[in-house]
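K.L.:
Sequence first, then the predicted structure, then my questions.
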Amino acid sequence: MMKKITSLVILLFLPMFAVIAQWEKISIKDDASFRGLKKYKKHVWASGTRGTIIHSVDNGQTWSIQKIKGAENLDFRDLCVLNKKNILLMSAGLSEKGATKIFQSTDSGQTWKIVLDITTPGFFFDALQYDSKLKKGLLVSDPVDGQFKFFTFDSNGKNFTPLLLTNFPKLQKREAAFAASGSSLHYTNDIATLITGGSKYARIIQSQKGDLHNWTVKNQEVEADSSSGFFSIGVKNRNEMLISGGNYLTLNENQIPILESYDAGETWNKIDIEPNFYIEKVIWYKPYWIMTGPSETASYNPKTKKWKSLGKSSYHNIIEINGYLIGVGGKGEIGRLKLN
């Protein structure tokens, strides 16, 4: 009976969800898969496979392409733009295969050098975050010897220092963070929030304010498995946050709930009606939460509780810049959508 009721709710939900927008496809002469995406004023940077980074200086209308020497076998899943000239690139891959590296440019991407190279087996970088107010950054790796590994870095993108954890919840078997869009970690207002998956339950684990050494679990049990869990944290302000995810093997369905918090992550509530697709990235653009995955993009208004489809899409990551939504995905996919 419960399955029939659920199916009925989905059918009733579909008509009010089907409001379609039109993406403008941007053509570039490259077929790398892009997942890292950050902005700085009118500049947009995206990073991806085969050591590729692309750069736009005009809100995503046109792009230049660069292949970083010595990184031809690396997948840059995330990046951090400290300022116009200083950019960090995070390579996601196994350390025993030489794929756990941080590259830095201090001349707006003209030249690059390695500033962190982990060779100890078991490391796999997931996300790179920077708090511009604190002028302090945080890097996270999947667990090694049963514990997540964190590094702090300074405002110059240097001095990567291992973080010693005093108190951290015991991890489940295979529990990890997904490096899909570099948004499984958020660091702001001197609080770090990490979301997980890949195990029996997907969890939200958060540091104490002003203390990165002590962390606690913040959510109730959310069932997951080896390919599902939480993938992305979206932040509206210091108090309001949204977390979404799914299963990367089932792009057009989703059993992972969307959770929202109004108290900086202390408590979380489930959104009642949700879109039925795997969500890899969520951002805030007033008055909407906007979410994307490799099958669709949609917006949600938390005041009216209504959803709108922004069209079928193939994007792993999105960002808003000057009234436009920029999406990047596999096989050199780049899109641009005017936000009304």
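P.N.:
Thanks, I have the structure now. Numbering: from 1, shown residues only.
K.L.:
all strands of the stretch 101-250 of the chain, in order?
P.N.:
For the stretch 101-250 of the chain, applying DSSP state E, counting those that start in this stretch gives strands covering 101-105, 113-117, 125-131, 136-144, 147-154, 161-162, 185-188, 191-195, 201-202, 204-208, 211-217, 222-223, 228-235, 241-247.
K.L.:
Out of those, the one nearest residue 25 is which?
P.N.:
With Cβ to Cβ, the closest approach to residue 25 among those belongs to strand 228-235: 23.4 Å. For glycine as for every other residue, the C-beta is placed from the backbone atoms N, C-alpha and C.
K.L.:
Who are the packing partners of that closest one?
P.N.:
On a contact count with 3 or more Cβ pairs under 8 Å, 6 or more residues apart in numbering; DSSP states H and E, strand 228-235 meets strand 185-188, strand 191-195, strand 201-202, strand 241-247, strand 281-285, strand 288-292.
K.L.:
now that strand and strand 204-208, what's the angle there?
P.N.:
In terms of direction (axes from the mean of the first three to the mean of the last three Cα atoms, to 10 degrees), strand 228-235 departs from strand 204-208 by 40 degrees.
K.L.:
quick one: strand 228-235 to strand 281-285, angle?
P.N.:
20 degrees.
K.L.:
could the strands of the stretch 101-250 of the chain go into CSV alongside mean pLDDT and distance to residue 52?
P.N.:
Output for the strands of the stretch 101-250 of the chain, formatted as CSV (pLDDT from 0 to 100; distance: least, Cβ to Cβ, whole Å):
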stretch, mean pLDDT, distance to residue 52
strand 101-105, 98, 12
strand 113-117, 98, 17
strand 125-131, 96, 17
strand 136-144, 97, 21
strand 147-154, 98, 23
strand 161-162, 98, 29
strand 185-188, 96, 23
strand 191-195, 97, 27
strand 201-202, 98, 30
strand 204-208, 98, 32
strand 211-217, 97, 32
strand 222-223, 98, 34
strand 228-235, 98, 22
strand 241-247, 98, 26
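K.L.:
which one of the ones you listed lies closest to residue 282?
P.N.:
Distance to residue 282, taken as Cβ to Cβ, is lowest for strand 228-235 among the strands of the stretch 101-250 of the chain, at 3.6 Å.
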